[in-house]
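Colleague: Here is my input; please provide its structure:
(one chain, ligands or ions: 1)
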Amino acid sequence: MSAEWNELQTQLPVWLEASRQRAASGKVAAYIPELANAPADALGMTICDGHQQALTAGDCGLQFTLQSISKVFTLLLALMDQGEEGVFAKVGMEPTGDNFNSMLKLELVDPGIPFNPLINAGAIAVSSLIHGATPAEKINRIAAFFQELAGDAALKINEAVYLSETKTAHRNRSLAYFLKANGVLEDVDVEEVLEVYFKHCSIEVNCMHLARMALVLAFDGADPVSGRQLVPRRYVQIAKTFMITCGMYNESGAFAIRAGLPAKSGVSGGILALVPGKYGIGVIGPALNSKGNSTAGVHLLETVSNAFDWSLF
Ligand code: GLU
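Modeller: Numbering: from 1, shown residues only. Reported below is the predicted structural model:
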C-alpha cells in the first residue's frame, strides 16, 4: 500500500467532516420536485484505485441519480456510435459561461448548434445520436453501458425522479423544440429524445458506482477491474477535456484552478472526478452552491487534491 493511500485512509474522514460544515450554506435542488427530498447535510466520498482497493468516507450508502454526470457517458456512447464527425456536426466544443439550461446562445450563433455536450441543449442533441430504433432500445443500450462501466448489472432508473422531471421540464422541452427548429434534431421525435435524456439523467447510483465509472476514464477507457477496454482512448480524451472546460457548470474555471482535476457534477449533488492513471472518485453532497455544484463536495475535492498535489496543471 502506498504512503499516499495510507494517508488518505487516515485523513479522508477528518477532511470530510470539515467539508460537511459547508453544506449549511448550500441548497438542495428543487426544480425537479423529487430531488428536494435528499438530505441536505449528507456528504460521502469513495475513491477507487487501479488495484481494486476502495476507500469510503461519510454517507457513501446514499443513493442518488446521475443527472448531468450521465452526459459524459452518453457522449462516449454517441462517439462510439457516430464517430467524432457525426457528433460534432450536432454539438460544439466550447464552454458557454451561461447556465446549464440556457438557450441564450442557441440563437446568437450560426449554425445554432449547442456549444458543448455537457450543457442541457448539447446533451439532448447527444441523446438523439445514440443508436436504437426506439427510445426503449436506446435507453437499454445506455443502461447496459453504464452498468458495465460501474461494474453493477443492477443499475436502474429511479422512476419517481424520472416522472418528476418529465412532468416539470418545461425549459428542457422548450430547448429541445428549439433544437428541432434549428435542424439539430433531425428525423427524430422531440418527445422521444427527451424521454431518453430524462431517463439517463434518472439512473440511480451511489459513490462507489461513480468512482468505478471514473476509474475507467482515469485508465484511458480500460477497466482495471475487468482488464477490458470499454471505450477507445481518443474518446476518453475528448470527454476528459470537456470535463475540465465545462464539467462544473460556470465554476469550471475556478475548479480547474483550485482542484485541477477532470470532473462532472450533477444537480443531485453528485460529482465524478478522476486522477489520471491513479484514481476514480465519487462524491455525493446534495446541498448545492450558487453555481449548482455540491458545495461541500467541491470543498472536499479541493482539499484532497491540494493535499496530494493532484492538479493536472
Ligand atoms: N436532468 C437535469 C436537467 O436537465 C440535469 C441537470 C444537471 O444535473 O445539471 O435539468
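Colleague: Only C-alpha atoms from now on, for both contacts and neighbour counts.
Modeller: Noted.
Colleague: Nearest spatial neighbour of whichever residue of the stretch 101-250 of the chain sits closest to the ligand, chain-adjacent residues omitted?
Modeller: At 5.1 Å from the ligand, Cys201 is the closest residue in the stretch 101-250 of the chain, using Cα to the nearest ligand atom. Counting by Cα to Cα, 6 or more residues apart in numbering, Cys201 lies nearest to Gln67, which is 3.9 Å off, once chain neighbours are set aside.
Colleague: What's the local residue count around the one you found?
Modeller: A total of 22 residues lie near Gln67 under the criterion other Cα atoms under 10 Å.
Colleague: Need the pLDDT of it.
Modeller: At Gln67, the model reports a pLDDT of 98.
Colleague: from here on, count from 42
Modeller: Got it, the first residue is 42 from now on, which makes the last one we talked about Gln108.
Colleague: Would you mind confirming that it is in contact with Lys305?
Modeller: No - Gln108 is beyond contact range of Lys305, at 10.2 Å (criterion: Cα atoms under 8 Å).
Colleague: In this structure Leu196 contacts Glu189, no?
Modeller: No - between Leu196 and Glu189 there is no contact under Cα under 8 Å: 9.6 Å.
Colleague: center of this protein - which residue?
Modeller: When Cα atoms, centre = their mean is applied to the chain, the residue found nearest the centroid is Ile110 (1.3 Å).
Colleague: for Leu96, helix, strand, or coil?
Modeller: For Leu96, the assignment made with DSSP: H, G, I helix; E, B strand; the rest coil gives strand.
Colleague: how far away is it from Gln50?
Modeller: Separation of Leu96 from Gln50 (Cα to Cα, to the nearest Å) stands at 7 Å.
Colleague: Tell me if I'm right that Ala255 and Gly318 touch.
Modeller: No - counting by Cα under 8 Å, Ala255 sits too far from Gly318 to count as a contact (10.8 Å).
Colleague: Contacts only, for Ser293.
Modeller: Applying Cα atoms under 8 Å, 6 or more residues apart in numbering, we find Ser293 in contact with Ile285, Thr286, Cys287.
Colleague: The host helix or strand of it vs the ligand: in contact?
Modeller: Here Ser293, judged by DSSP states H and E, is contained in helix 293-299. No - judged by Cα under 6 Å from any ligand atom, helix 293-299 stays clear of the ligand, getting no closer than 13.0 Å.
Colleague: which element follows that helix toward the C-terminus?
Modeller: Remark: after helix 293-299, the chain's next helix or strand is strand 304-306, criterion DSSP H and E.
Colleague: okay but Tyr80 is in contact with Gly310, surely?
Modeller: Not quite, residue 80 is Pro, not Tyr. No - between Pro80 and Gly310 there is no contact under Cα under 8 Å: 10.4 Å.
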